[in-house]
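1. Build me a model:
(2 chains)
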Amino acid sequence: DAKTTQPTSMDCAEGRAANLPCNHSTISGNEYVYWYRQIHSQGPQYIIHGLKNNETNEMASLIITEDRKSSTLILPHATLRDTAVYYCIVRRYNQGGKLIFGQGTELSVKP
Amino acid sequence: NAGVTQTPKFRILKIGQSMTLQCTQDMNHNYMYWYRQDPGMGLKLIYYSVGAGITDKGEVPNGYNVSRSTTEDFPLRLELAAPSQTSVYFCASSGPRDRETFSGNTIYFGEGSWLTVV
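-> As a prediction, the model looks like this:
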């Protein structure tokens, strides 16, 4: 499985965009990029996923570079409730579609 | 539609005891997963299943067993509990990749089961 590298922690001012980077330089053509977040010890919450095109939903945008070796999750207007650990994960469907979590980025949104 | 339901939510076990964590989903998902999360750490995959009757080991399977007799249920069995198994356990489920659009599918997580072995 391709591994991901994320910064350990980041800060963001409330109301500003939060840009969370992820490196997945060994990603293969059949692996998807997923983003999840976890608030305290709750179950991980799905945010967004993509294969090679940029994606947007009501929570966030996902920008994947053309070579697919890195991606950025964008929370357009961060709020205090967005404070959480964010996980960038690559998922391969021919291996049972399992998600292998790394350490994630601890995002702190500050007033 | 309840999603992914785990029971019990909290449990204290004595060393050497056994127990089963129950997980059920009502979304007709064929993929199911068990993860554990130790304090301050990321989630580690214990076992997963791609359909009824099929299971496979994840990253940290030792000390655990699973079965998948139905699409809905994926119980996790702890035999001879040890303090190292004190953790939060998450069950998850997902549908398959869309064969026509090749779009991935969301993995839905349960609320977690807190297990302490003393």
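2. So for residue B:107, what's the pLDDT?
-> pLDDT, residue B:107: 87.
3. who touches it in this structure?
-> Contacts for residue B:107 (CB atoms under 8 Å, 6 or more residues apart in numbering or on different chains) come out as A:34, A:46, A:97, A:99, B:31, B:33, B:92-94. Just so you know, the C-beta spots here come from the backbone N, C-alpha and C atoms, and that holds for glycine as well.
4. Give me every residue in chain B lying close to chain A.
-> Residues of chain B lying close to chain A by CB under 8 Å from any CB of the partner chain are B:4, B:31, B:33, B:35, B:37, B:41-45, B:48-50, B:56, B:58-59, B:88, B:90, B:92, B:94, B:96-97, B:102-112.
5. follow-up on the earlier one: residue A:15: which of the contacts of residue B:107 is nearest?
-> Using CB to CB, residue A:46 comes nearest to residue A:15 of these, at 24.1 Å.
6. Can you name the element that comes right after the one helix or strand the closest one maps to?
-> Here residue A:46, judged by DSSP states H and E, is contained in strand A:45-50. Proceeding N to C from strand A:45-50, the next assigned helix or strand is strand A:55-56, under DSSP H and E.
7. quick one: the helices in chain A?
-> Using DSSP state H, no helices are found in chain A.
8. Run through the residues that contact whatever residue of it ends up closest to chain B.
-> Nearest residue of chain A to chain B, counting by CB to the nearest CB: residue A:43, 3.5 Å away. Neighbouring residues of residue A:43 by CB under 8 Å, 6+ apart: B:4, B:90, B:92, B:109-112.
9. Out of these, which sit inside helices?
-> Using DSSP H, none of these sit in helices.
10. and which of those is nearest to chain A?
-> residue B:109 (3.5 Å).
11. Close to chain B: what parts of chain A are there?
-> So far as CB under 8 Å from any CB goes, chain A lies against chain B at A:32, A:34, A:41-46, A:49, A:51, A:87, A:91, A:93, A:96-104.
12. Please repeat the previous calculation with a cut-off of 10 Å.
-> Proximity of chain A to chain B, by CB under 10 Å from any CB of the partner chain, involves residues A:1, A:30-34, A:36, A:38, A:41-51, A:55, A:85, A:87, A:89, A:91, A:93-104.
13. of those residues, buried ones?
-> A:1, A:31-34, A:36, A:38, A:43-44, A:46-51, A:55, A:85, A:87, A:89, A:91, A:93, A:96-102, A:104 (16 or more other CB atoms under 10 Å in any protein chain shown).
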